[in-house]
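Engineer: Give me a 3D structure for the following:
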Amino acid sequence: MHKTSDKSTSFLSKLSLNCGDKTLSLENPVVMGILNITPDSFYDGGKFLSEKKMLSQTEKMLSEGTAIIDIGAISTRPGASEIPKEEEKKKLIKALKLILQHFPETIISIDTYRSHIAEAAVNEGASIINDISGGMFDDNMFKTVAKLKVPYILMHIKGTPKTMQINPVYDDVVKEIKEFFTKQIQLLAKAGVTGNIVLDPGFGFGKTVENNFEILYNLKTFCELGFPVMAGLSRKSMINNILKISPEDALNGTTALNTIALLNGANILRVHDVKEAMEAIKLVGFYKKTN
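Structural biologist: Alright, predicted model coming up:
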């Protein structure tokens, strides 16, 4: 198994994200709450399609302590196909406007890999671009991020959502992801983006169960690159396949893996269940203070 180095990552605690007129401190880990407005997402597809349910779920997550609401209008579950660009844009902008109308101080992340949709959303008040492709699906994404000057979540994926779980193979999954991050960070810098970047190793996006746990074990390796790290483990197949359960029964497993991620340096937890993630953050924080 790939071994993480002993290099200190304490400097990461001083990092923050500049979200327009708001600054999101990462002195302590924070939660990103997922709001999928899709009919076919692997866990909550179809649950939040009406305006009433979107607002109710947003209010619930905010009351439980989420720092970010992440809106996605296209499913990226394994095997998922793309939807037309205009359909994604229409859904996203409608939801974005609705949430900001009722919760104007909310930091909203837009889960898209299409640069023109990211730009339209930021122009309507979104604060963060969350790109599952790490700039690989749209050649204009990095230029767009540089122009918009918003935080950018750089995720690793092998293949596309439609193909990513068809026999993914790595010689060294941790090394390959770190090399990918290094290359994309350099390309971002050439485009004019040198900060406000978050790294997401992409649990479940073109990885075997074993790959996912090796990444989790070595999460500190990605912290060494000098940017905050996000862990998106919520109710994923790496939990369900081992425990032989469905995503609906995977909350306890999610909390267990989120705890490991926090102990290994995660700065942001991307989750469906905010309350439980906030409790994990509080308990791990107290544990670290006493040791």
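Engineer: all strands of the stretch 51-200 of the chain, in order?
Structural biologist: Per DSSP state E, counting those that start in this stretch, the stretch 51-200 of the chain carries strands over the ranges 68-72, 108-111, 128-131, 152-155, 197-200.
Engineer: Show me what the strand ranked longest in the chain is packed up against.
Structural biologist: Of all segments of type strand in the chain, defined using DSSP state E, the longest is strand 30-36. On a contact count with 3 or more C-beta pairs under 8 Å, 6 or more residues apart in numbering; DSSP states H and E, strand 30-36 meets helix 51-63, strand 68-72, strand 268-271, helix 274-289. Every C-beta, even on glycine, is put in place using the N, C-alpha and C of the backbone.
Engineer: Give me the angle between that strand and strand 68-72.
Structural biologist: Angle, strand 30-36 to strand 68-72, by axes from the mean of the first three to the mean of the last three C-alpha atoms, to 10 degrees: 30 degrees.
Engineer: Strand 30-36 - what's its average pLDDT?
Structural biologist: Throughout strand 30-36, pLDDT has a mean value of 96.
Engineer: T255 sits in which helix or strand?
Structural biologist: For T255, the element it lies in under DSSP states H and E is helix 251-263.
Engineer: pLDDT weak spots in the stretch 1-150 of the chain?
Structural biologist: Scanning the stretch 1-150 of the chain with the threshold set as pLDDT under 70 gives 1-14, 39-48, 75-82.
Engineer: what are the ranges of the helices in it?
Structural biologist: 51-63, 85-102, 115-123, 141-148 (DSSP state H, counting those that start in this stretch).
Engineer: okay if I get those helices as CSV plus distance to T160?
Structural biologist: Conversion of the helices of the stretch 1-150 of the chain to CSV gives the following (distance: least, C-beta to C-beta, whole Å):
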stretch, distance to T160
helix 51-63, 27
helix 85-102, 15
helix 115-123, 17
helix 141-148, 15
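Engineer: With respect to S246, which of the ones you listed lies nearest?
Structural biologist: Minimum separation from S246 across these (C-beta to C-beta) falls at helix 51-63, 20.3 Å.
Engineer: Just the C-alpha atoms of the closest one, please, in CSV.
Structural biologist: C-alpha atoms of helix 51-63 as CSV (Å, rounded to 0.1, in the frame of the first residue of the first chain):
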residue,chain,number,x,y,z
GLU,A,51,-39.6,24.3,-5.1
LYS,A,52,-41.2,23.5,-1.7
LYS,A,53,-38.9,20.5,-1.2
MET,A,54,-35.8,22.3,-2.4
LEU,A,55,-36.4,25.1,0.1
SER,A,56,-37.3,22.7,2.9
GLN,A,57,-34.1,20.7,2.4
THR,A,58,-32.0,23.8,2.1
GLU,A,59,-33.4,25.2,5.3
LYS,A,60,-32.8,21.9,7.1
MET,A,61,-29.2,21.7,6.0
LEU,A,62,-28.5,25.4,6.9
SER,A,63,-30.1,24.9,10.3
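Engineer: Could you tell me the angle between that helix and strand 30-36?
Structural biologist: Per the same axes, to 10 degrees, the angle that helix 51-63 makes with strand 30-36 is 170 degrees.
Engineer: For helix 51-63, which outside residues touch it?
Structural biologist: 33, 35, 37, 47-48, 69, 95, 98-99, 102-103, 106, 274 (C-beta atoms under 8 Å, 6 or more residues apart in numbering).
Engineer: can I get those residues in a markdown table with distance to L283 and neighbour count?
Structural biologist: What follows is the contacts of helix 51-63, written out as a markdown table (distance: C-beta to C-beta, whole Å; neighbours: other C-beta atoms under 10 Å):
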| residue | distance to L283 | neighbour count |
| --- | --- | --- |
| G33 | 19 | 27 |
| L35 | 25 | 24 |
| I37 | 31 | 27 |
| K47 | 28 | 17 |
| F48 | 28 | 22 |
| I69 | 24 | 27 |
| A95 | 32 | 25 |
| L98 | 34 | 15 |
| I99 | 29 | 24 |
| H102 | 31 | 13 |
| F103 | 27 | 14 |
| T106 | 26 | 21 |
| V274 | 15 | 23 |
